[in-house]
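>>> Fold the following, please.
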Amino acid sequence: MTAELKGPQRVGLLRVLRLFLPYRGRLAVLILLIVGASLVSMALPFLLREIVDVALPQARTGLLTALSAGMAGVVVLSTGLGVLQSYLTVVLGQRVMQDLRIGVYNHLQRMSPAFFTTARTGEIQSRISNDIGGIQATITSTATVVVGSVTTVLASLVAMVALDPELTVLSLAILPLFVWISRKVGAERRGIVMEYQRKLAVTSALVEESLSVSGFLLGRTMGRTSTLNAEFAADSRALTDLAVRSTMVGRWRQSTIAIIMGTMPVIIYWAAGVIGHQSQDPVSIGTLIAFTSLQQGLFGPAVSLLQVGISIQSSMALFDRVFEYLDLPVGVPEPADPKPLPHPKGRVELRGVHFHYPGSTTGLSGIDVDIAPGEHLAVVGTTGAGKTTLGYLITRLCDPTSGTVTVDGVDVRDLGFETLAATVGLVSQDTYLFHTTIADNLRFAKAGATDGELVAAAKAAHIHDLISSLPEGYRTIVGERGYRFSGGEKQRLAVARTVLRDPPVLVLDEATSALDVDTERHVQRALAEMSGGRTTITITHRLSTVVNADRIIVLERGRIVEHGSHTDLLAHSGRYAALLRPDHRERPRV
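Next comes the predicted model:
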């Protein structure tokens, strides 16, 4: 079944907090450090009050020295706790980010090919790098700011009430305005951030596609370089505009908070003066200084909490996009209790197999095939008949809608991915090579392969002589998607890679359809030598390559309409024979 993206759904904060569960021990230590540092810093205003009201007016040098030393000690202790707190915060945040990246990557590895035919590679890369990267600041700082600010606010409130309850009530009167402004700004920024990430994904996809070797060649040869430049420039301008809007949204409203915070000490001084004239017990200078100090300790963390709220609301848009991928249903799940296949013989059976792509009538219907160990079965038919889909089911790149596909009597859905990959090998027309050395590309099939095994596999694929003629031999970098090599050379490297894996079942999906006659001859010879003693399924529309197959099945609109040997099918004068007529036969290559 195809996993379709239906747009990000709103993610709850509780789900984000669950990301920290594996690290609750470290989180507890971090919280203790934050609370400790906040409480220790609360001693400063009280020490300052004693200095101003007692030590200085009474010229008590000893007390002044002790209080000053106490203030210095509080600063040193708070700073030390802050360093430990920063270290734990960074480690904790990076671990959560790491888990999130790995989780998304592993989840996407379990999707069916249908997902990757509809998703742009640049979009996938953007969600793993840009979206998760954009979450980093929130993940690494939220716990520290929230816990530290809450502790500081509560401690400041208690201390302020202890110093002067009336001034405390006056100070708290403006907090609702702070909250309203921050919630308004956060809601606006969340929408802008979502649009920014969408546009960033589109830009990343454009860069990935147009600056790949294939994209560059296509753009240059089609004369579309200027069009691509203009499209990239337009996307970049849109990103710049969105970034400015995200930064400036609510800036004037937030500046109101800064103005109020700056003028509050003045209001407190004025209120203290008015209260002092009307009270029998006026506020002392030391108390006033300590109170305004605590007031800033209240407003600063309170604003930090509100800023974190804005940051969280913005980041939730990124979490929406990341969790959208994590919530996709797994296309091809690995069995919870995989069955072993210690000595595979290579018998492949398809019983009552039906498969249909969602929203499409194409697929397979009622497929029944029994392929004996060592048999060479050819699958032919016109484009869209379902040949490649049949190969996908055998290699379990997708699962049948109904029916079973078995290898040596074991349902492929009950085999672990590594066991199935070791049993069934695939050589397709679209050969993919990584941007690394020839040796590394070959060892992708068998990580521990020796140099001798690499050479033996390359010789079997008739590619060793070419590799040896290169200045760096097997250490030659193949280039992006193997563009340093021709189509036939890449195909032979793919054959060598499969030879190295040595699977008992071999699926050849249009493995030579795009090659010239001479190259095809080399590859066909390599495949013939490789197929000896193996169960081989050749999927092709070039009938000249399957004449010597033990058995041929003809697919049409997802159904088997004929089966038999080449000679029997010709004698039958049915669909297979019709495919060999001049109006169906492909023209000879020159």
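
>>> how about low-confidence regions in the stretch 351-500 of the chain?
359-361, 481-482 (pLDDT under 70).

>>> now do the stretch 51-200 of the chain
121, 137, 140-151, 170-190.

>>> go with 90
Applying pLDDT under 90 to the stretch 51-200 of the chain picks out residues 51-65, 67-68, 70-200.

>>> residues contacting the closest residue to residue 335 other than its chain neighbours?
Distance criterion CB to CB, 6 or more residues apart in numbering; nearest residue to residue 335, sequence neighbours excluded, is residue 414 at 5.3 Å. The way it works is simple: take the backbone N, C-alpha and C, and place the C-beta from them, glycine included. Listed by CB atoms under 8 Å, 6 or more residues apart in numbering, the contact set of residue 414 reads 335, 338, 339.

>>> again, but for residue 445
497, 498, 500, 501.

>>> Need those residues in a markdown table (columns: secondary structure and distance to residue 448).
Below are the contacts of residue 445 laid out as a markdown table (DSSP: H, G, I helix; E, B strand; the rest coil; distance: CB to CB, whole Å):
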| residue | secondary structure | distance to residue 448 |
| --- | --- | --- |
| 497 | helix | 15 |
| 498 | helix | 17 |
| 500 | helix | 11 |
| 501 | helix | 12 |
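
>>> related to what we said a few turns ago, out of the contacts of residue 414, which is most surrounded?
residue 338 (16 neighbours; other CB atoms under 10 Å).

>>> Kindly confirm whether my reading is correct that it touches residue 413.
No. Using CB atoms under 8 Å, residue 338 makes no contact with residue 413, being 9.6 Å away.

>>> just to revisit the earlier point, list just the nearest of the contacts of residue 445 to residue 510.
residue 498 (14.7 Å; CB to CB).

>>> if I look at the closest one, how far off is residue 393?
19 Å (CB to CB, to the nearest Å).

>>> Check residue 193 too.
Distance, residue 193 to residue 393, by CB to CB: 42 Å.

>>> And residue 428, by the same measure?
In terms of CB to CB, residue 428 sits 14 Å off from residue 393.

>>> So between these two, which is more surrounded?
For residue 428 versus residue 393, the count of surrounding residues by other CB under 10 Å is larger for residue 393: 22 against 17.

>>> sorry, back to before: what touches both of residue 338 and residue 413?
By CB under 8 Å, 6+ apart, no residue touches both residue 338 and residue 413.

>>> Backbone dihedrals for residue 37, both of them.
phi -60, psi -40 (degrees, to the nearest 10).

>>> per-residue confidence for it?
On pLDDT, residue 37 comes in at 77.

>>> Quick one: neighbours of it, just the number.
Every residue meeting other CB under 10 Å relative to residue 37 is counted, giving 21.

>>> Same check on the one 3 residues further on?
The local packing count at residue 40 equals 17, with neighbours defined by other CB under 10 Å.

>>> Quick one: residues contacting it.
Contacts of residue 40 (CB under 8 Å, 6+ apart): 74, 77, 78, 81.

>>> All the helices of the stretch 101-250 of the chain, residue numbers only.
Counting by DSSP state H, counting those that start in this stretch, the stretch 101-250 of the chain has helices at residues 113-118, 121-126, 132-163, 165-172, 175-210, 213-221, 225-248.

>>> Kindly report the same for the stretch 301-450 of the chain.
So, for the stretch 301-450 of the chain - with DSSP H, counting those that start in this stretch - the helices run 387-394, 417-423, 438-443.

>>> any idea which of the ones you listed is most buried?
Mean neighbours per residue, mean count of other CB atoms under 10 Å, is largest over these for helix 387-394, with a mean of 23.

>>> what does it contact?
113, 348, 350, 353, 355, 363-364, 367, 379-381, 398-400, 405, 412, 424, 426, 505, 507, 509-510, 537, 539-541, 555, 558.

>>> ranges for the strands of the stretch 401-550 of the chain?
Assigned by DSSP state E, counting those that start in this stretch, the strands in the stretch 401-550 of the chain fall at 402-407, 410-411, 424-428, 505-509, 535-539.

>>> mind checking which of the ones you listed is nearest residue 457?
Closest among the strands of the stretch 401-550 of the chain, using CB to CB: strand 424-428, at 12.1 Å.

>>> Burial check on residue 404, number of neighbours?
Counted with other CB under 10 Å, residue 404 comes out at 17.

>>> Contacts only, for it.
Under the contact definition (CB under 8 Å, 6+ apart), the residues listed for residue 404 are 349, 350, 351, 352, 353, 411.

>>> Pull out the buried members of those residues.
Burial by neighbour count, 16 or more other CB atoms under 10 Å: within the contacts of residue 404 this picks out 349, 350, 353, 411.

>>> And those residues, which is closest to residue 571?
residue 350 (26.0 Å).

>>> The closest one reaches residue 366, doesn't it?
No. Using CB under 8 Å, residue 350 makes no contact with residue 366, being 10.0 Å away.

>>> Not counting its neighbours along the chain, what's nearest residue 346?
Counting by CB to CB, 6+ apart, residue 346 lies nearest to residue 535, which is 3.6 Å off, once chain neighbours are set aside.

>>> Excluding covalently adjacent residues, which one is nearest to residue 427?
That would be residue 511: by CB to CB, 6+ apart, it lies 4.6 Å from residue 427.

>>> could you dump the strands of the stretch 401-550 of the chain to CSV with distance to residue 102?
Listed next are the strands of the stretch 401-550 of the chain as CSV, based on distance: least, CB to CB, whole Å:
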stretch, distance to residue 102
strand 402-407, 30
strand 410-411, 29
strand 424-428, 26
strand 505-509, 31
strand 535-539, 35
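
>>> Nearest to residue 94, out of the ones you listed?
Closest among these, using CB to CB: strand 424-428, at 37.8 Å.

>>> that older thread, just the contacts of residue 404: which are in strands?
349, 350, 351, 352, 353, 411 (DSSP state E).
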